[in-house]
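> Following is a predicted model, sequence given first.
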There are 2 protein chains.
Amino acid sequence: MKKIVILGSTGSIGTNTLDIVTKFSAQFQVVGLTAGTNGDKLEEQLRQFKPAVVALSDELAAVKLRARCGKFPVEILSGVDGVAQVAQLPEADLVISAIVGGAGLVPTLAAIRAGKNVALANKEPMVMAGPLMQEEARKRGVRIFPVDSEHSAIFQSLEGHRREDVRRLILTASGGPLWDLSKEQMQDVKSEQALKHPNWKMGAKITIDSATLMNKGLEVVEARWLFDIPSRQIDVLIHRESIVHSLVEYRDGSVIAQLGLPDMRTPISYALQYPERMPLELPSLDLADIGKLTFQRPDHERFPCLSFGYEALRIGGTMPATMNAANEVAVAAYLQEGIRFSDIAEVIQTTMETHTARDVRTLEDALEADRWAREKAGSLVHALAR
Amino acid sequence: MKKIVILGSTGSIGTNTLDIVTKFSAQFQVVGLTAGTNGDKLEEQLRQFKPAVVALSDELAAVKLRARCGKFPVEILSGVDGVAQVAQLPEADLVISAIVGGAGLVPTLAAIRAGKNVALANKEPMVMAGPLMQEEARKRGVRIFPVDSEHSAIFQSLEGHRREDVRRLILTASGGPLWDLSKEQMQDVKSEQALKHPNWKMGAKITIDSATLMNKGLEVVEARWLFDIPSRQIDVLIHRESIVHSLVEYRDGSVIAQLGLPDMRTPISYALQYPERMPLELPSLDLADIGKLTFQRPDHERFPCLSFGYEALRIGGTMPATMNAANEVAVAAYLQEGIRFSDIAEVIQTTMETHTARDVRTLEDALEADRWAREKAGSLVHALAR
């Protein structure tokens, strides 16, 4: 029985993971769960899955949860430290890292340092501190299994083939809900429209990232560190149907791809039980029924955020962390209707241009860049606020 | 340096293999070559690659070649035995089996029995005597690497994943040159038209097999034995562009596929140097440039030959060998304008219906069925002859 911890259990990936655990209850034991502010949902989960420890990063939410669960045999921790403590539970075999945004870095790194294998669903730790994460994982013999559908596809397409034969990684991108709009139309897009992803049902932050293609920019950075490959060997391909999740080209001209209906349970379950595949009983992919798959080149002009990922990698050091933090601030402001859609890219670009990159030698280096960028982006958002 | 033998060196696969050998001459030494009747081309090849032994299955062609190459340091064998002898050369590490049709069975089995790893480009040995081939390979620890683009794709899509997780193999089919014709239009199609394959440049026999879809019927049988999987787990998918060479569906809903521009050098080179991939410097597959990939269900009514493969497997024993032999006779008659296009399927079907299947316990069982079916199909062709 595999003992698992889920960081971010109340989000989209967290609940999908618990769906799998419910279906295959003989194979998994949930030993720890963490969430941000959603104490109600965490309460439901802890009553169902009975982990020994949970944590809420929001202190007030934790106080309320403790009051409600006084008699339940669970330890309820709180704050960043509480979450990090759950990430290091001695009995855990695998930590599913599914906290949205930069907040995932500290507990994910803590899990790695505690020697835990990690199923990585949030890109931000790799974006903010990729070299550090990989160095720590190497030192401790920890494996990092990607959960993001694109990175899982790359991971699956690399299995059984020699790394030295890889010519290119090709990340597919749906193009998101705004792909068919002109640059002018995109400027003032309302969040209702930007939140309508054509293929995937995901959280708000990541859906806006799909609309700006910043999601793909972040994925390029993640892929660079996850697979230890230079960014010039990473391409992006627009594929509206989200059936081909990503591809790997080899030096003999052969391309291996992973396909499937868009369902996060497939990559989650692969990361949970690698190298075994779980009998999920999902519908088969019927390509004759789908009829056709289309492919287009990305458009860096309408979607400048895609280029930011490459640019951040080119400059290196703290620049990707800066890009990520500025994006988080800008997306939050956009969702609260503080800024326009086109302002998101503006805020990120200006923050990156203002930043002087330094090496990321320690966690603190990444967190410091994150803080600096949040402050900078915050003031830019403030100036743009309507 | 890998020492190789090519059975069928003057055909399409043979010459493509020698192209690769020329480009990577430091990695390969050609120790034996065989051909059928084309002594001129074999002479060119033996002068260039300097194998110790060659063979022509045609005795007369061999006599002529011996006369022309008297002073050249090469042993020239002839007949079925001569070809089989080259297949067993003690110094060979890998035998490329690329003889068109059922004639490949005897030397390929001889190579396996001599403990040689085999790169298998012709489907007929597996169709005629799949269980026997696999049993002999198992006994001698011989590996069989598929060269056919579809089977190479399946092979590549299985690498690194667990066999017990496989749900389906999906063989793609271009649909061939006649896919858009009605049943009526197809009846009298002339060979010039049937020989125009939309994507692949291949020999005449296999191109007609692509037009009838008998090729896919044969491939279903080959896949059944090559990958040791029941035929109900093998599907066929029409994919006109021949970019996705085949796919494997796993039980978690994930599908792994191998893609590439249609170029036999990719699967040949993979079989030659597995698990290493050779830097062939072929153009990259540019999916944005291609734009779209289409998929359709196969049409068993217009293309009855596809069903024959499944039917032959259902009955088992000598039935697949019978199907194959009848097809060879019918295709040859069609190419010589003896029968109509629609007669090909008729001849195969009637031959199969007349046949009483027996187990294939020995090579002789398969050869006997082959002889019987050739005779039967021959008489049917004779009756249909215009």
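Nice, thanks for sending it over. Since the model is a prediction, treat every value here as computed from it, not as a measurement. Residues are numbered from 1 along each chain as shown, chains lettered A, B, ... in the order given.

> ok, A:Gly141 touching A:Gly115?
Yes - with contact defined as CB atoms under 8 Å, A:Gly141 reaches A:Gly115; the gap is 7.4 Å. Bear in mind the C-beta positions are built from the backbone N, C-alpha and C, glycine included.

> Neighbour count: those two, which is higher?
A:Gly115 (15 against 8; other CB atoms under 10 Å in any protein chain shown).

> contacting residues around the nearest residue to the more buried one once chain neighbours are set aside?
The shortest distance from A:Gly115 to any non-neighbouring residue, by CB to CB, 6 or more residues apart in numbering or on different chains, is to A:Arg140 (4.8 Å). Residues counted as contacts of A:Arg140 (CB atoms under 8 Å, 6 or more residues apart in numbering or on different chains) are A:Ile112, A:Arg113, A:Gly115.

> Please tell me how far A:Val118 sits from A:Phe155.
13 Å (CB to CB, to the nearest Å).

> Common neighbours of the two, please.
Residues touching both A:Val118 and A:Phe155 by CB under 8 Å, 6+ apart: A:Phe145.

> What sits closest to the closest residue to chain B within the stretch 151-300 of chain A if chain neighbours are left out?
Closest contact between the stretch 151-300 of chain A and chain B, by CB to the nearest CB, is at A:Gly160 (2.0 Å). Using CB to CB, 6+ apart and skipping the chain neighbours, the partner closest in space to A:Gly160 is B:Gly160 (2.0 Å).

> so of the contacts of A:Arg140, which ones are in helices?
A:Ile112, A:Arg113 (DSSP state H).

> and of the contacts of A:Arg140, the nearest to A:Lys292?
When those are compared for distance to A:Lys292 (CB to CB), A:Ile112 wins out at 42.0 Å.

> could you give the mean pLDDT of the longest helix seen in chain A?
Ranked by residue count under DSSP H, the longest helix found in chain A is helix A:363-384. Averaging pLDDT along helix A:363-384 yields 96.

> residue ranges of the strands in the stretch 251-386 of chain A, please?
Using DSSP state E, counting those that start in this stretch, the strands of the stretch 251-386 of chain A run over A:255-259, A:292-294.

> Can you tell me which of those is most buried?
Among the strands of the stretch 251-386 of chain A, strand A:255-259 has the highest mean neighbour count (mean count of other CB atoms under 10 Å in any protein chain shown), at a mean of 27.

> So which other helices or strands are in contact with that one?
Under the contact criterion of 3 or more CB pairs under 8 Å, 6 or more residues apart in numbering or on different chains; DSSP states H and E, strand A:255-259 touches helix A:149-158, strand A:244-250, strand B:255-259.

> now it: how far from the chain's centre is it?
21 Å (CA atoms, centre = their mean, to the nearest Å).

> What would it look like as CSV? C-alpha coordinates only.
Coordinates of each C-alpha in strand A:255-259 appear next as CSV, following Å, rounded to 0.1, in the frame of the first residue of the first chain:
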residue,chain,number,x,y,z
VAL,A,255,8.4,11.1,-33.2
ILE,A,256,6.8,9.5,-30.1
ALA,A,257,3.7,11.1,-28.8
GLN,A,258,1.2,10.5,-26.0
LEU,A,259,-2.4,11.0,-26.8
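
> That one pairs with which strands, and in what direction?
strand A:244-250 (antiparallel), strand B:255-259 (antiparallel) (DSSP bridges).

> In contact with the residue lying closest to A:Arg113 once chain neighbours are set aside, which residues?
The shortest distance from A:Arg113 to any non-neighbouring residue, by CB to CB, 6+ apart, is to A:Glu136 (5.8 Å). Contacts for A:Glu136 (CB under 8 Å, 6+ apart) come out as A:Leu109, A:Ile112, A:Arg113, A:Val142.
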